[in-house]
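>>> make a model of this:
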Amino acid sequence: MAKNLDITVYLDFYGEMLTDKQREYLDYYYNDDLSLSEIAANIPFGEKGRSRQAVRDVIKRAEGQLIDMENKLGLVKRFEQVHTGLDEIIECAEIINKSNLNFGLSREINDAVIKIKAIAGSLSE
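Numbers count the residues shown, from 1 in each chain. Okay, the predicted model is just below:
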């Protein structure tokens with residue numbers, strides 16, 4: 001099964017594809033750190049007598065759906081790859097800038113480095 005951090009990230013990416021109940025239970029369980037019993041006792045949908053086991057079943061089913069969506073779509077993986085790539089681009093721009101300062105001081109290179117860093121920075125936000 002995925003780590004808790006993965007589930008919260010998957011919930012951010014794919015939560016809208018779950019039912020309201022699934023999304024609420026996962027939010028309570030992972031983001032609000034409520035126990036299964038606490039969730040069962042405070043059901044927001046007006047459901048009476050919801051058991052701890054029923055809450056657990058909803059959460060486990062929703063976790064499985066989130067993991068399945070990530071396995072099929074890979075949006076979280078792709079998001080992380082893009083951010084890693086952007087960080088590497090900024091690092092390379094810094095190396096180019098240092099080399100430019102040490103060996104040539106080309107205004108065009110300096111301007112290009114500033115533009116590269118600005119674009120990569122705006123894309124990583």
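
>>> list the buried residues of the helix or strand harbouring Ile39.
Here Ile39 sits within helix 36-41, counting by DSSP states H and E. By neighbour count on 16 or more other CB atoms under 10 Å, the buried set for helix 36-41 is Leu36, Ile39, Ala40. The way it works is simple: take the backbone N, C-alpha and C, and place the C-beta from them, glycine included.

>>> cool, stretch 72-83 as well?
Val76.

>>> for stretch 102-115, same thing?
Within stretch 102-115, the residues that count as buried by 16+ other CB under 10 Å are Val113.

>>> what is the rounded mean pLDDT of the helix or strand that Leu5 is a member of?
Using DSSP H and E, Leu5 sits within helix 4-14. For helix 4-14, mean pLDDT is 91.

>>> which helices and strands does that helix pack with?
Helices and strands touching helix 4-14, by 3 or more CB pairs under 8 Å, 6 or more residues apart in numbering; DSSP states H and E, are helix 20-26, helix 52-73, helix 75-103.

>>> can you put these in TSV and add mean pLDDT and distance to Asp6?
Below are the helices and strands packed on helix 4-14 laid out as TSV (pLDDT from 0 to 100; distance: least, CB to CB, whole Å):
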stretch	mean pLDDT	distance to Asp6
helix 20-26	93	12
helix 52-73	95	8
helix 75-103	91	8
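
>>> most packed of those?
Most buried of those, by mean neighbour count (mean count of other CB atoms under 10 Å): helix 20-26, with a mean of 18.
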